[in-house]
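A.B. asks: pasted the sequence and its predicted model underneath.
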Amino acid sequence: MQIEVFTLFPDAFAWFERQRHVANALAAGNRLQYVNYREHTPLNAGQVDDTPFGGGAGMVLRVDVVEAALRARYGCDPVELRDRRRVIALTPGGRLLDDALVGKLAGEESLTLLSGRYEGFDQRIIDHFATDEVSIGRYVLAGGELAAMVLADAVLRKLPGALGHPDSALEESFSKALGGAPEYPHYTRPAEYRGWRVPDILLSGHHARIREWRLQQSAGRGPLP
């Protein structure tokens with residue numbers, strides 16, 4: 001898997017790369033790389049944004065700037081790039097990121113993530129350069145860097161070698177194994193604390209019954225709306 005993030009702040013990802021599962025995924029041969037829009041802008045003094053037509057507050061990331069960065073990275077017209085790889089614009093109004101979408105993205109050989117800033121993208125970037133518009137939630141962030149980390153985190157942890165145990169990502173919240181429901185509750189030592197006991201079934205050693213209990217607990221929580 002190759003993930004390339006287009007951003008104005010590539011240094012923001014230094015912490016992210018140090019996370020154990022991300023480091024494991026990269027050590028296994030996956031790649032996480034960054035392209036700074038500002039380094040490829042055709043405008044003077046590193047300009048990347050401009051005021052919106054029609055008026056209004058804030059600044060908008062320019063279409064010619066994003067095109068220049070994509071051309072510099074891939075050596076082709078960004079309109080044609082969509083035939084070769086998933087190009088995802090991270091926006092508040094895009095398709096909500098969920099486990100099903102993460103699973104599909106984890107099956108791709110490469111992903112390009114476009115991080116916005118200011119008031120977001122010139123709409124022509126989304127219309128003509130992106131294959132997907134994805135949101136991590138119905139709220140607004142100062143920029144797309146955190147959204148890019150969320151998407152990359154969710155994708156990378158599904159790749160072989162990222163997690164300590166190969167089964168860790170198979171049965172978790174919203175997975176097919178749990179029918180899309182939240183994961184069942186977990187407990188660890190001590191078995192009793194301040195009078196709060198771990199459910200007896202988990203101490204029974206009866207794995208079939210434990211499995212049944214866990215599935216019942218998960219189903220009882222139900223899929224999120």
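C.D. replies: It's in.

A.B. asks: from here on, contacts and neighbour counts on C-alpha atoms
C.D. replies: Fine.

A.B. asks: which residues sit in contact with the closest residue to Q33 other than its chain neighbours?
C.D. replies: Nearest non-adjacent residue to Q33, counting by C-alpha to C-alpha, 6 or more residues apart in numbering: E4, 4.7 Å away. Listed by C-alpha atoms under 8 Å, 6 or more residues apart in numbering, the contact partners of E4 are L32, Q33, Y34, V35, S110, L111, T112, L113.

A.B. asks: distance of E4 from T188?
C.D. replies: 39 Å (C-alpha to C-alpha, to the nearest Å).

A.B. asks: CA atoms only: put whichever strand or helix holds Q217 into PDB for me.
C.D. replies: Here Q217 sits within helix 207-221, counting by DSSP states H and E. Output in PDB follows, covering the C-alpha atoms of helix 207-221 (Å, rounded to 0.1, in the frame of the first residue of the first chain):
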ATOM      1  CA  HIS A 207     -14.700 -20.600  25.500                       C
ATOM      2  CA  ALA A 208     -17.800 -21.500  23.500                       C
ATOM      3  CA  ARG A 209     -20.000 -19.900  26.100                       C
ATOM      4  CA  ILE A 210     -17.700 -16.900  26.300                       C
ATOM      5  CA  ARG A 211     -17.900 -16.500  22.600                       C
ATOM      6  CA  GLU A 212     -21.700 -16.700  22.700                       C
ATOM      7  CA  TRP A 213     -21.900 -14.100  25.500                       C
ATOM      8  CA  ARG A 214     -19.600 -11.700  23.600                       C
ATOM      9  CA  LEU A 215     -21.800 -12.000  20.500                       C
ATOM     10  CA  GLN A 216     -24.900 -11.300  22.600                       C
ATOM     11  CA  GLN A 217     -23.300  -8.300  24.200                       C
ATOM     12  CA  SER A 218     -22.300  -6.900  20.800                       C
ATOM     13  CA  ALA A 219     -25.700  -7.500  19.300                       C
ATOM     14  CA  GLY A 220     -27.300  -5.800  22.300                       C
ATOM     15  CA  ARG A 221     -25.400  -2.700  21.700                       C
END
